[in-house]
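Chemist: got a predicted structure plus its sequence, pasted below:
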Amino acid sequence: MNVRRWSALTKRELLKISRNPAAIVTSLMLPILYLVLFGQGFNFTSSLNYLPPPERTSALDALLLGAPNYFSYFAAGMVGFVGVTATLFVGANVIFDKLFGTLKRTAASPATATDIFGARLVAGSIQPVALAFLVLGLAILLGHLGLSGLTVTASVSVVAAAEVVLAILLLSLMFASLFLALGFTIEQPQTYFALVNAINLPVLLTSAALYPWGAMPTWLQEVASYNPVTLAVEVLRINFFGDAFYPYAAWVYLAGLIAWFAGMFTVATLLTRRALAPKA
Amino acid sequence: MPDAIVAEGLTRVFNGTVRAVDGISFSVKEGEIYGFLGPNGAGKTTTVSMLTAVLGMTSGHATVDGTDVARHPHELKQRIGLVFQESTADQDLTGRENLEVAAALFGVPLRETAPRINYLLDRLALADASDRLAKTYSGGMRRRLELAVGIIHSPRVLFLDEPTLGLDPQGRAGFWKIIGDLRQESGMTVFLTTHYLDEADTMCDRIAIIDHGKIAATGTPSELKDRVGGDVVTVKPLGPPGSLLDALKALPGVTSVVPQDGSFRVKCPNGETLIPKVVGAATGLGISLAGVSLRRPSLDEVFLDFTGREFREDEGPTATDRAVFMSRFQDARRGRR
């Protein structure tokens, strides 16, 4: 990869994102609405107040794996949620660049497929990573505004913070790779969005991003255990609420995420190389 | 002079059956402006796409500036410039930002990047709009920006694929003035495709006429026109032609007579002197004429001669467009507005 080409292409992508304020506002709306409405409405923890304190704690631990309330559990899950939804558009942008000829121009230059893919991967992951931290910040802030908020019960060390950052980064890079691969392979925006919808919802609904773990049927827990969204949000939950209820340490989940990212990155670069090669 | 482009048996078949380019061979000398002239669907863009490694070849071999196109596409892309027929500049970037990205992609040395961009913006009359988003540019400005992007790295060979498509005559004349000047300054080789006959005639050192994926003829514009055999006088009888065909063939200086759509295309070295003889011959046979017209040798005639059909009206500019283009091109060359 040529650093100058890669950085020029990354700068171009970031300039384009920064010049589309409507897209930025829209991408902010979804997590804000989920935190302010969905998270508040589903925060069922108070409905267990009729139980004596020891039983209430046991019930909550069984359901939320150590999180003090559903909103805190959900706020970590929302990071996984934006890791998927905010990366959707990286592939759509590739398709539009194909339709407008911009990609043809880049492909006709000495830039390699790795330069082109790498630039879009990095630029496309910045937004979800930024959104993830915004979600966490807003979730904490809501607790100070008289609403349900994110309560971190574990002491977060530097290593724990690094694990959280790495999980968010890996998740965003993995899904950006997936959607870029689709973008480089598919020609029509309609096909892309249909396929993205077919992937997006099943991935989120088979993860532990939103469901209380203890309320999930065993078979769904099994499926969710391998889901990259689950792996990422569990790294966050372990570091925010403690690892007492998790079978593995955070690094094991991170290793799973790295494997997911490596696999997806490899497939995506191969598909991109094939898509940008001279048409046989 | 060495060859900048050599193509041998270049072929591209789509879907196993459609032979878009069918075994063409040609060479372009260094510093030449070489035109591929043909109607839409003739195979011009497919040829450019193969020569610039955008599209693979089904068979054949090509070198551009000494680089094997199929074997070293990456090296090739560093040596050539390419201006597409459609606008490919990033519309959400300014003109200057588009050029900065292009400079980085083509490896223009950092020290030379800003001066080169400023030179091109100035040279292509985009300096005042350099910090405006490309989507606010007019059609002519977009074309000039495409050209600037295509030559940011001072390529040795520049490919122009229908570069003036959609421009008004003034825009086209201005564009070609710049190309002519740049070629003069840098000596770069230019390979262009066009379906504007007047552009090919005015701009190209040599032309290949391509139709249905095959080269029908090559040569300088004047060589091709000479091959047509001089002027063409078109004679249209008012009624049945009777023995007019034989009478026309018998006229002194006539090299050929071809009946076409109720008229006769009479070729001769000097049409002006032939017209009175044509009228005399028709009068002598008692045949009234609906009209007699004289056409100097043009690429329209060349195309008709080599392909057996006229350059379709919807493929090129109107006669008025052509007249306006030529007058403005000549004005632009003289440096007048």
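Modeler: Received it, and whenever you're ready, just let me know what you need. Residues are numbered from 1 along each chain as shown, chains lettered A, B, ... in the order given.
Chemist: tell me what the strand or helix carrying residue A:132 is packed against?
Modeler: Using DSSP states H and E, residue A:132 maps to helix A:113-143. With contacts defined as 3 or more C-beta pairs under 8 Å, 6 or more residues apart in numbering or on different chains; DSSP states H and E, helix A:113-143 has these neighbours: helix A:3-18, helix A:21-33, helix A:39-41, helix A:70-85, helix A:88-99, helix A:102-107, helix A:158-185, helix A:250-276. Where C-beta positions appear, they are placed from N, C-alpha and C, glycine not excepted.
Chemist: and the third one, what's buried?
Modeler: Across helix A:39-41, burial judged by 16 or more other C-beta atoms under 10 Å in any protein chain shown covers residue A:39.
Chemist: ok, what's across the strand from residue B:12?
Modeler: Here residue B:12 sits in beta bridges with residue B:21, going by DSSP bridges.
Chemist: do I have it right that it meets residue B:23?
Modeler: No. Using C-beta atoms under 8 Å, residue B:12 is not in contact with residue B:23, being 10.0 Å away.
Chemist: and the contacts of stretch A:153-162?
Modeler: A:66-68, A:72, A:164, A:239-242, A:250 (C-beta atoms under 8 Å, 6 or more residues apart in numbering or on different chains).
Chemist: tell me how many other residues crowd residue A:112.
Modeler: 18 (other C-beta atoms under 10 Å in any protein chain shown).
Chemist: now do the phi/psi pair for it.
Modeler: phi -90, psi 170 (degrees, to the nearest 10).
Chemist: how about residue B:234?
Modeler: In terms of degrees, to the nearest 10, the main-chain angles of residue B:234 are phi -100, psi 120.
Chemist: interface residues of chain A facing chain B?
Modeler: Residues of chain A that fall close to chain B, judged by C-beta under 8 Å from any C-beta of the partner chain: A:2, A:4-5, A:7-9, A:11-12, A:15-16, A:19-20, A:100-102, A:104-112, A:278-280.
Chemist: any idea which of the helices and strands packed on helix A:113-143 is most buried?
Modeler: Among these, helix A:70-85 has the highest mean neighbour count (mean count of other C-beta atoms under 10 Å in any protein chain shown), at a mean of 27.
Chemist: coming back round to it: state the pair within the contacts of stretch A:153-162 that is farthest apart.
Modeler: Farthest-apart pair in these is A:68 and A:250; separation 18.7 Å (C-beta to C-beta).
Chemist: give the helix, strand or coil label for residue B:119.
Modeler: Classification of residue B:119 by DSSP: H, G, I helix; E, B strand; the rest coil places it in helix.
Chemist: how much space between the residue of chain A most remote from its centre and residue A:58?
Modeler: The C-alpha centroid of chain A is most remote from residue A:52, which lies 37.1 Å away (C-alpha atoms, centre = their mean). In this view, residue A:52 and residue A:58 are 10 Å apart by C-beta to C-beta, to the nearest Å.
Chemist: so residue B:12 and residue B:23 - more neighbours on which side?
Modeler: More crowded of residue B:12 and residue B:23, by other C-beta under 10 Å: residue B:12, with 23 against 15.
Chemist: can you name the residues that contact that one?
Modeler: So residue B:12 contacts B:19-21, B:43, B:46, B:50, B:55, B:57-58 (C-beta under 8 Å, 6+ apart).
Chemist: what do you get if the cut-off is 10 Å, keeping everything else the same?
Modeler: Taking C-beta atoms under 10 Å, 6 or more residues apart in numbering or on different chains, we find residue B:12 in contact with A:279, B:18-22, B:24, B:43, B:46-47, B:49-50, B:55-60, B:213.
Chemist: for residue B:263, same thing?
Modeler: Residue B:263 neighbours (C-beta under 10 Å, 6+ apart): B:234-237, B:241, B:290-293.
Chemist: what of residue B:65?
Modeler: Residue B:65 neighbours (C-beta under 10 Å, 6+ apart): B:2-5, B:30, B:75-76, B:78-80, B:155-157, B:188-189.
Chemist: may I see the PyMOL selection of the buried members of those?
Modeler: Buried members of the contacts of residue B:65 can be picked out in PyMOL with the line below, counting by 16+ other C-beta under 10 Å:
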select buried, chain B and resi 3+4+5+75+76+78+79+80+155+156+157+188+189
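Chemist: the contacts of residue B:65 in strands, which ones?
Modeler: Judged by DSSP state E, the contacts of residue B:65 include B:3-5, B:80, B:157, B:189 as members of strands.
Chemist: now the strands for the stretch 151-300 of chain B?
Modeler: Assigned strands in the stretch 151-300 of chain B, in chain order: B:157-161, B:189-194, B:206-211, B:214-219, B:231-237, B:256-260, B:263-268, B:289-295 (criterion: DSSP state E, counting those that start in this stretch).
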